[in-house]
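> the amino acid sequence is not available; the structure is as follows:
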């Protein structure tokens, strides 16, 4: 079974600064997908960024980028130029690439606070 | 834009009762998954429905059952409620499988179930 670990329950960053959220995972599969989801107080999970395991290049979406280290099974999220709207719970999630196995396995989340 | 709609928003039930939660997927989506998110935890996969059949199930007891209707909407039923069933129940939908990888699953804002 796959597991996802987020070791930082809470993080805070000054507005306009950069913050990195950590995530590690455990799997015996070679092909899979990794995601970062954001959950604001509205409770809706919003996709921030995703990474395919077969791609060596790290994904980037505007101010959000990841550092994907497949051998170390590490998948961290870097948020640059932090904004007040970035405040939320952030969840790292794993999904197998196997046909028929679509469940997302989530970590326990990191609460990100933005300091004005 | 009709995203994923869940009802009701909040619900209070007594231990031993039965509850039905409802989900309407995003327009154009035909696959629905349900997740349970306990307080302070990441979501846990309950099951997925496609073509009115349960396609994949997580580690939840038979008290948790579901249904998908021809219009792709879905219900989650929980029988013999326990205090530990208190949680946020999230519904997520997707369209084509590879599109879901690229775009992620679309989540609703959930139903907050409290069992007393």
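That came through, no problem. For clarity, every value in this text was computed on a predicted model and none was experimentally measured.

> can you list contacts of the helix or strand that contains residue A:4?
Residue A:4 is part of strand A:3-5, with elements assigned from DSSP states H and E. The contact list for strand A:3-5 (C-beta atoms under 8 Å, 6 or more residues apart in numbering or on different chains) reads A:23, A:24, A:25, A:26, A:92, A:93, A:94, A:105, A:106, A:107, A:108, B:42. (Glycine included, C-beta is placed from N, CA and C.)

> near chain A, which residues of chain B?
Chain B has residues B:3, B:31, B:33, B:35, B:40-45, B:48, B:55-56, B:58, B:88, B:90, B:92, B:94, B:97, B:100-105, B:107-110 near chain A, with proximity defined as C-beta under 8 Å from any C-beta of the partner chain.

> just the buried members of these?
Taking 16 or more other C-beta atoms under 10 Å in any protein chain shown as the criterion, what is buried in these is B:31, B:33, B:35, B:42-45, B:48, B:58, B:88, B:90, B:92, B:94, B:100-101, B:104-105, B:107-110.

> and the residue nearest the centre of chain B, bridged to which residues?
The centre of chain B sits closest to residue B:34, judged by C-alpha atoms, centre = their mean, with a distance of 2.9 Å. Going by DSSP bridges, residue B:34 is paired in beta bridges with residue B:47, residue B:91.

> how far away is it from residue B:93?
10 Å (C-beta to C-beta, to the nearest Å).

> please see if the helix or strand just after the strand holding residue A:4 touches chain B.
Downstream of strand A:3-5, the next assigned helix or strand under DSSP H and E is strand A:10-14. No: on the criterion C-beta under 8 Å from any C-beta, strand A:10-14 is out of touch with chain B, staying 11.4 Å away.

> for strand A:10-14, packing partners?
Where contact means 3 or more C-beta pairs under 8 Å, 6 or more residues apart in numbering or on different chains; DSSP states H and E, strand A:10-14 is packed against strand A:19-21, strand A:110-115.

> and of the ones you listed, who's closest to chain B?
Closest to chain B of those, according to C-beta to the nearest C-beta: strand A:110-115, at 9.6 Å.

> hey, where'd the strands end up in the chain?
Since you didn't name a chain, this refers to chain A. A:3-5, A:10-14, A:19-21, A:24-26, A:32-39, A:46-52, A:60-61, A:64-69, A:74-79, A:88-96, A:104-106, A:110-115 (DSSP state E).

> nope, chain B please
Under the criterion DSSP E, strands of chain B are mapped to B:5-7, B:10-13, B:19-24, B:31-37, B:44-50, B:53-57, B:64-68, B:74-78, B:87-94, B:106-107, B:111-115.

> quick check: which of the strands of chain A is nearest to residue B:82?
strand A:104-106 (22.0 Å; C-beta to C-beta).

> for the closest one, packing partners?
Packing partners of strand A:104-106 (3+ C-beta pairs under 8 Å, 6+ apart): strand A:3-5, strand A:88-96, strand B:44-50.

> so in chain B, where's the weakest helix or strand by average pLDDT?
helix B:97-103 (a mean of 62; mean pLDDT, DSSP states H and E).

> any chance of the helices and strands packed on strand A:104-106 in CSV with distance to residue A:81 as columns?
Shown next, in CSV, are these (distance: least, C-beta to C-beta, whole Å):
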stretch, distance to residue A:81
strand A:3-5, 27
strand A:88-96, 16
strand B:44-50, 33
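
> list the contacts of the residue most central in space within chain A.
Nearest residue to the geometric centre of chain A (C-alpha atoms, centre = their mean): residue A:36, 3.0 Å. Residues near residue A:36 by C-beta under 8 Å, 6+ apart: A:21, A:23, A:47-50, A:64, A:66, A:75, A:77, A:90-93.
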